[in-house]
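1. Build the 3D model from these lines:
(chains A and B)
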Protein chains: 2
Amino acid sequence: MEKNLAIVLVSGGMDSLACAAIAKKENEELAFLHLNYGQRTESKELECFHAIADHYHVSQELRKVIDLSFLSQIGGSSLTDKNIEVKDYKGDSGEIPDSYVPFRNTIILSFAVSWAEVLGAKRIYIGAVHEDSSGYPDCRPSFYKAFTQVIKEGTKNNDISIVTPVISMSKDQIIKTAADMGAPLEKTWSCYAKEDKACGVCDSCALRLRAFEKIKMEDPIPYAKRPKYT
Amino acid sequence: MEKNLAIVLVSGGMDSLACAAIAKKENEELAFLHLNYGQRTESKELECFHAIADHYHVSQELRKVIDLSFLSQIGGSSLTDKNIEVKDYKGDSGEIPDSYVPFRNTIILSFAVSWAEVLGAKRIYIGAVHEDSSGYPDCRPSFYKAFTQVIKEGTKNNDISIVTPVISMSKDQIIKTAADMGAPLEKTWSCYAKEDKACGVCDSCALRLRAFEKIKMEDPIPYAKRPKYT
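-> Numbering: from 1, shown residues only, chains lettered A, B, ... in the order given. Sure thing, here's the model as predicted:
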């Protein structure tokens, strides 16, 4: 009998780590997909991807890294366009941040579905988070509902589902979930700006540090600056 | 005032040519997007893309070619996997052909939407054809309806629409439409197998030749073999 196989989108951040831990419990075998879309901190994220894959015993054949760095040609985002400065965290303005890559999650999910059709995987885990998503429109539950309909209409067997196990969690709940499941938080990276030590001041570092503070846990990764956010 | 701008997906085939001709009538300015997904006949298709762009006076800045050739890593299709032989046309079996790239149209549309957000384009024209689509599930009208909902949920301004002007046409109607609008059919390519002269026997050549026969037009491109299909 074929093993029950799931694909996990693993960026190298904490949300995808929590997803991987949950997927590991719910499936017999995992395949990991990493998308390099030309972000500044890609080599650090790729290192984390492989460290997490090693941790969960994902075979080399079931690790795939897709280079989407040409997204920087499309532009419109400080994550991919090195001419746009990454702004420091300024609090919850409710605005969509300039680190937004237009329609990124749809691009990523489309590749995952394509690979799932080839592998015969039935589930795709993605660590999208609604509350702490900084307003990316394609992190909303309603987006995933709509995308599920596209899979149903656009695939041969229409039996692939998207699983978003952390979508309703806050960042501190995600950290707690990962820690409770023994997931290696020290092998994750969140900083948008630096690779040697996390900057501590970009949007992503601020969210991360604030969440660790809230549950009174020490973040195990190194920081250049470690401001107090609460 | 900003010009009314539309993106047209131009593969270099007749369906996208008809789309371009229709888009030219309906919009003030066009941007052309071409996806190279590692198909065997890519260099010929790219040549056609630029010839059609020249014909419709699309500026160099508004022509974008995205290399998706890593799709061949995902595999599962004779269009991208050189180890799978392209089968000759065997008639309408109703089966999905092995030249199927899983979820290809979703991948392509996702990039188009991303670029549309950056350019401020409000319409994306794609030459999907339901009847002559050889059963690709992502050529069905219901697929486009579902994808429109994903755009609505997953973009900032949710004001981008997908236009499929030839979706309900038969191949001969597409040829007639293109010819009636003065579109350069001699600058298109359909063959999946060859680049110097069309093979005349692959699925795509068979559909094309049969359609030209039906409306008693001479196909202006060169063929290695030109069987009678009707």
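2. Considering only helices and strands, which part of chain A has the lowest mean pLDDT?
-> Within chain A, confidence by mean pLDDT, DSSP states H and E is lowest for helix A:71-74 among all helices and strands, at a mean of 72.
3. Please state the offset of that helix from the chain centre?
-> With C-alpha atoms, centre = their mean, to the nearest Å as the basis, helix A:71-74 stands 20 Å off its chain's centre.
4. The helix or strand just after that helix and chain B, are they touching?
-> Per DSSP states H and E, the first helix or strand lying C-terminal to helix A:71-74 is helix A:104-119. Yes: contact of helix A:104-119 with chain B (C-beta under 8 Å from any C-beta of the partner chain) involves A:Arg104, A:Asn105, A:Thr106, A:Ile107, A:Ser110, A:Phe111, A:Val113, A:Ser114, A:Trp115, A:Glu117, A:Val118. All C-beta atoms are positioned from the backbone trio N, CA, C, and that covers glycine.
5. what's helix A:104-119 packed up against?
-> Helix A:104-119 sits against strand A:5-9, strand A:29-36, strand A:123-125, helix A:141-154, helix B:71-74, helix B:104-119, helix B:141-154, with contacts defined as 3 or more C-beta pairs under 8 Å, 6 or more residues apart in numbering or on different chains; DSSP states H and E.
6. The residue nearest to A:Val163 when sequence neighbours are not counted bridge partners, please.
-> Nearest non-adjacent residue to A:Val163, counting by C-beta to C-beta, 6 or more residues apart in numbering or on different chains: A:Tyr125, 4.8 Å away. Using DSSP bridges, the beta-bridge partners of A:Tyr125 come out as A:Val8, A:Val163.
7. can you count the residues close to A:Tyr125?
-> Neighbour count for A:Tyr125, taken as other C-beta atoms under 10 Å in any protein chain shown: 29.
8. Pretty sure it sits against A:Val8.
-> Yes: with contact defined as C-beta atoms under 8 Å, A:Tyr125 counts as touching A:Val8 (4.4 Å).
9. Which residues are in contact with each of those two?
-> A:Cys19, A:Ala20, A:Ala23 (C-beta atoms under 8 Å, 6 or more residues apart in numbering or on different chains).
10. who wins for most neighbours among the residues you listed?
-> Going by other C-beta under 10 Å, A:Cys19 tops these with 28 neighbours.
11. Quick one, grab the pLDDT at it.
-> For A:Cys19, the model assigns a pLDDT of 98.
12. related to what we said a few turns ago, just put the helices and strands packed on helix A:104-119 in JSON lines and tack on distance to B:Trp189.
-> Compiled in JSON lines, these are given as follows (distance: least, C-beta to C-beta, whole Å):
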{"stretch": "strand A:5-9", "distance to B:Trp189": "34"}
{"stretch": "strand A:29-36", "distance to B:Trp189": "31"}
{"stretch": "strand A:123-125", "distance to B:Trp189": "35"}
{"stretch": "helix A:141-154", "distance to B:Trp189": "25"}
{"stretch": "helix B:71-74", "distance to B:Trp189": "19"}
{"stretch": "helix B:104-119", "distance to B:Trp189": "18"}
{"stretch": "helix B:141-154", "distance to B:Trp189": "25"}
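13. Which of the ones you listed has the lowest mean pLDDT?
-> Mean pLDDT per stretch puts helix B:71-74 lowest among the helices and strands packed on helix A:104-119, at a mean of 71.
14. in that one, what's buried?
-> B:Leu71, B:Ser72, B:Ile74 (16 or more other C-beta atoms under 10 Å in any protein chain shown).
15. just those now: which is nearest chain A?
-> Set against chain A, the nearest of those by C-beta to the nearest C-beta is B:Ile74 (5.2 Å).
16. correct me, but A:Ala21 touches A:Thr177?
-> Yes: assessed by C-beta under 8 Å, A:Ala21 is found in contact with A:Thr177 at 7.4 Å.
17. Comparing these two, which shows the higher neighbour count?
-> A:Ala21 (22 against 19).
18. OK, contacts around that one?
-> So A:Ala21 contacts A:Tyr56, A:Thr177, A:Ala178, A:Met181, A:Gly182, A:Ala183 (C-beta under 8 Å, 6+ apart).
19. Try it again at 7 Å.
-> A:Ala21 makes contact with A:Ala178, A:Met181, A:Ala183, according to C-beta atoms under 7 Å, 6 or more residues apart in numbering or on different chains.
20. element containing it, please.
-> helix A:14-26.
21. and the direction of that helix versus that of strand A:29-36, what angle?
-> 160 degrees (axes from the mean of the first three to the mean of the last three C-alpha atoms, to 10 degrees).
22. Direction-wise, compare helix A:14-26 with strand A:5-9 and give the angle.
-> For helix A:14-26 against strand A:5-9, the angle by the same axes, to 10 degrees is 170 degrees.
23. Determine how far helix A:14-26 lies from the middle of the whole chain.
-> 11 Å.
24. likewise stretch A:108-127?
-> The answer for stretch A:108-127 is 14 Å, by C-alpha atoms, centre = their mean.
25. List the neighbours of that stretch that are in contact with it.
-> A:2, A:5-9, A:15-16, A:18-19, A:23, A:27, A:31, A:33, A:35, A:64, A:66, A:147, A:151, A:155-156, A:159-166, B:74-76, B:102-103, B:106-107, B:110.
26. now the end-to-end length of that stretch.
-> 12 Å (C-alpha to C-alpha, to the nearest Å).
27. Buried ones in it, by neighbour count?
-> Those would be A:108-117, A:119, A:121-127, for stretch A:108-127 by 16+ other C-beta under 10 Å.
28. next one: stretch A:148-160
-> Buried, per 16+ other C-beta under 10 Å, within stretch A:148-160: A:Thr148, A:Gln149, A:Val150, A:Ile151, A:Lys152, A:Glu153, A:Gly154, A:Thr155, A:Ile160.
29. Tally up the residues packed near A:Glu47, please.
-> Neighbours of A:Glu47 (other C-beta under 10 Å): 14.
30. now the buried residues of helix B:71-74 as CSV including distance to chain A?
-> Shown next, in CSV, are these (distance: C-beta to the nearest C-beta, whole Å):
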residue, distance to chain A
B:Leu71, 7
B:Ser72, 11
B:Ile74, 5
